[in-house]
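In: Sequence isn't available, so here's the structure alone:
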C-alpha cells in the first residue's frame, strides 16, 4: 500500500506538476517537499512545520488540506506522543544522502556569509565620515528675488489627505507559517524564516491565518501592532479593516502598551 507521501507524489505527477514548480508557488524549500514525498519527516523541526508544509502541498495539487493532515495524524506522524515509527528502534525514516548534502551545502553558505559580514563590519577605517557638502550660493539676481519673496507671507501647508487602505508590514523573528488574503485575494502564503520581512497592501480588508502567532512583529499604516498571540499558537481568520484597525495597533504609537 502506498504511503501518504507517495500518494501526494502520484497526484502531483498526474497533474503534470514538477516539485520545483510547487516549491516556487508555495515558497517552501525543495528539501522539505522531497521529505514529505519520501516520508522522511524527522528532518522537520516540529509537528507545526509538518502541518504547514502538508497543507500547502495539498492545496497546490488540489487536495483537501484538513483531510491530509488528519491522515498524517492517524498514521502516527502528528500525534501527541511519539509516532509509531519512533517507538521501533531502527525503523524510522532516514535522511537520504542527497538531503544530507543539501543541508551541508546550506550550512557552508551561511557560514561564508556570516564570515564575510563580520569581516567587513569590523575592518578598521570603515564608514568614514562623509565630507560636508556646501551648496554654492545663487547668482546675484536670484539672491535679490529670494530676498523679495522672503517678505511675502508664506501660505500654510495644505494637510495631506488621510492615508486610505491598509498597509501591513511583517517582520519575522521565528519560523512562521502564514497566509494573508488582501481584499479576498491570496497575497502571502508559506513558511517564513527568522529575519524575513513582507508587506501586504489592501483597500478594504485583510484576512490572516497564522501557525505561530508569536513568531512575528507587525505594523499597520506605520503604527506598531499589539501582537496576534503567544509563540506556537495557531490563530485563524484575523480580520482587519479600516474600521477596526485601532483594535490591532498600539494606542500611543510607541510600540509599548
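Out: Structure received. Keep in mind that what you see is a predicted model, and the values were worked out from it rather than measured.
In: Break down the stretch 101-250 of the chain into its helices, ranges please.
Out: Using DSSP state H, counting those that start in this stretch, the helices of the stretch 101-250 of the chain run over 140-150.
In: Where does the prediction get shaky in it?
Out: 101-104, 107, 110, 114, 116, 118-163 (pLDDT under 70).
In: ok, 50 please
Out: Applying pLDDT under 50 to the stretch 101-250 of the chain flags residues 128-131, 148-149, 151-152, 158-162.
In: show me what contacts residue 15?
Out: Counting by C-beta atoms under 8 Å, 6 or more residues apart in numbering, residue 15 touches 61, 62. In short, each C-beta sits where N, CA and C put it, glycine included.
In: Mind listing residues that contact the helix or strand encompassing residue 71?
Out: Assigned by DSSP states H and E, residue 71 belongs to helix 65-74. By C-beta under 8 Å, 6+ apart, the residues outside helix 65-74 that reach it are 4, 8, 50, 51, 54, 55, 57, 58, 59, 78, 79.
In: Then stretch 212-219?
Out: 48, 168-178, 192, 210, 224-225, 227-235, 249.
In: and if we set it to 6 Å?
Out: For stretch 212-219, contacts defined as C-beta atoms under 6 Å, 6 or more residues apart in numbering pick out 169-172, 174, 176, 225, 228-233, 235.
In: care to break this structure down by domain?
Out: Domains of the chain are assigned by automatic domain parsing as 4-87, 166-247.
In: Take the ones you listed and write them to a markdown table, including distance to residue 115.
Out: Converted to a markdown table, those look like this (distance: least, C-beta to C-beta, whole Å):
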| stretch | distance to residue 115 |
| --- | --- |
| domain 4-87 | 23 |
| domain 166-247 | 17 |
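In: Residue 105 is nearest to which of those?
Out: Distance to residue 105, taken as C-beta to C-beta, is lowest for domain 4-87 among the domains of the chain, at 10.2 Å.
In: and that closest one, what's its mean pLDDT?
Out: Regarding domain 4-87, the rounded mean pLDDT is 80.
In: ranges for the strands of this protein?
Out: Secondary structure of the chain (DSSP state E): strands at 166-172, 176-182, 185-192, 197-202, 206-210, 216-220, 223-224, 235-240.
In: Now the longest one: buried residues?
Out: By that I understand strand 185-192. Judged by neighbour count using 16 or more other C-beta atoms under 10 Å, the buried positions of strand 185-192 are 187, 188, 189, 190, 191, 192.
In: Which members of the residues you listed are the farthest-apart pair?
Out: 187 and 191 (15.8 Å).
In: coming back round to it: closest one of the buried residues of strand 185-192 to residue 43?
Out: Set against residue 43, the nearest of these by C-beta to C-beta is residue 191 (13.8 Å).
In: Now do the same contact list for the residue lying closest to that closest one once chain neighbours are set aside.
Out: Distance criterion C-beta to C-beta, 6 or more residues apart in numbering; nearest residue to residue 191, sequence neighbours excluded, is residue 177 at 5.0 Å. Residues near residue 177 by C-beta under 6 Å, 6+ apart: 52, 191, 211.
In: CSV please, covering these and showing distance to residue 242.
Out: As requested, the contacts of residue 177 are exported to CSV (distance: C-beta to C-beta, whole Å):
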residue, distance to residue 242
52, 30
191, 29
211, 27
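In: neighbours of the residue nearest to residue 213 when sequence neighbours are not counted, just the number please.
Out: Nearest residue to residue 213, sequence neighbours excluded (C-beta to C-beta, 6+ apart): residue 229, at 3.0 Å. Residue 229 has 14 neighbouring residues, counting by other C-beta atoms under 10 Å.
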